[in-house]
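> Whatever this is, show me its structure:
(2 chains)
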Amino acid sequence: MRIATYNVNGINARLPRLLEYLDEAQPDVLCLQELKGEGDRIPAREIEAAGYGALWHGQKGFNGVAILARGRQPVERKVGLPGDPEDVQSRYVEAEVDGVVVASIYLPNGNPQPGPKFDYKLAWMARLAAHAEALLAEEVPVVLAGDYNVIPTDRDTFSVRAMQDDALMQPESRAAFRALLFQGWTDAIRARHPEPEQIFSFWDYQAGAWQRDAGFRIDHLLLSPQAADRLVDANVDKAIRGREKASDHAPAWVDLR
DNA sequence: ATGGTTGAAGATCAA
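Sure thing, here's the model as predicted:
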């Protein structure tokens, strides 16, 4: 069972790439982030025609997440991250597919830091940790997949110096990510590709980042112990980033037996 | 120190 995650950076701008990916990779589950749209702006018919059921949690202009499932309808568990009824940003959706709980996560970027956006990021991560703890207590296979906007270690970026002031690798951001691992979650890509292997999932549109391979790893799939027991492989489909009209992210995926 | 690019919405913001 392949579960993938793809920050599409605008689902309409990316629709040809997205349909191509569904056709080529045929993931059983695909978590999407940065739909940048909601309601009738979402090309739901095209996704359905490609053979995928979907759970949408869109938002006008920015954010927006979804879970697609091949040949079936994801069973809705949560729309929105619990813990703050005031939070109207569409960054979390959770469903059950074929006995596996899957969440699509678009964690706040947090730049510029310090400031209110960074505070929001850390508060959101604290809410995620609380919910993740509750998920672990269920003792079932869970995959928390998405754009975490956290560079976990220095090995996960092309340049520590270039990124040193960025919210994505502040000590507080890393500590909050590490706290999830300490709860018992497995970073699937790192489990299959230990350091010093370097794997990136994002390359900025600016300054020729793709051409220079100036990327970093911020798209992660965290596995509960019951999912980690079934881990076969995990990686990033890097070549997708090099195509015409690509997203600035490449899809990341995990195979469970 | 700055600027480089893309998407969606719209005369900027978010990334």
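
> Look up the closest residue to the residue nearest to the spatial centre of chain A, ignoring the ones flanking it.
Geometric centre of chain A, nearest residue: residue A:146, 0.9 Å, by C-alpha atoms, centre = their mean. Nearest-residue entry for residue A:146: residue A:105, 3.2 Å, with adjacent residues in sequence omitted and distances by C-beta to C-beta, 6 or more residues apart in numbering. Where you see a C-beta, it was placed from the backbone N, CA and C, and this is true even at glycine.

> near DNA strand B at all, the helix or strand containing the residue nearest to the centre of chain A?
Assigned by DSSP states H and E, residue A:146 belongs to strand A:142-147. No: counting by C-beta under 7 Å from any atom of the strand, DNA strand B is not contacted by strand A:142-147; separation bottoms out at 7.8 Å.

> hey, what's the residue nearest to the centre of chain A bridged with?
Going by DSSP bridges, residue A:146 is paired in beta bridges with residue A:105, residue A:220.

> wait, what's in contact with it?
Applying C-beta atoms under 8 Å, 6 or more residues apart in numbering to residue A:146 gives the contacts A:5, A:7, A:31, A:33, A:65, A:103-107, A:219-220.

> Now do the phi/psi pair for residue A:152.
As for residue A:152, its main-chain torsions (degrees, to the nearest 10) stand at phi -60, psi -40.

> count of residues packed around the nearest residue to it once chain neighbours are set aside?
Spatial nearest neighbour of residue A:152, chain neighbours left out: residue A:177 (5.6 Å); criterion: C-beta to C-beta, 6+ apart. By other C-beta atoms under 10 Å, the residues close to residue A:177 number 26.
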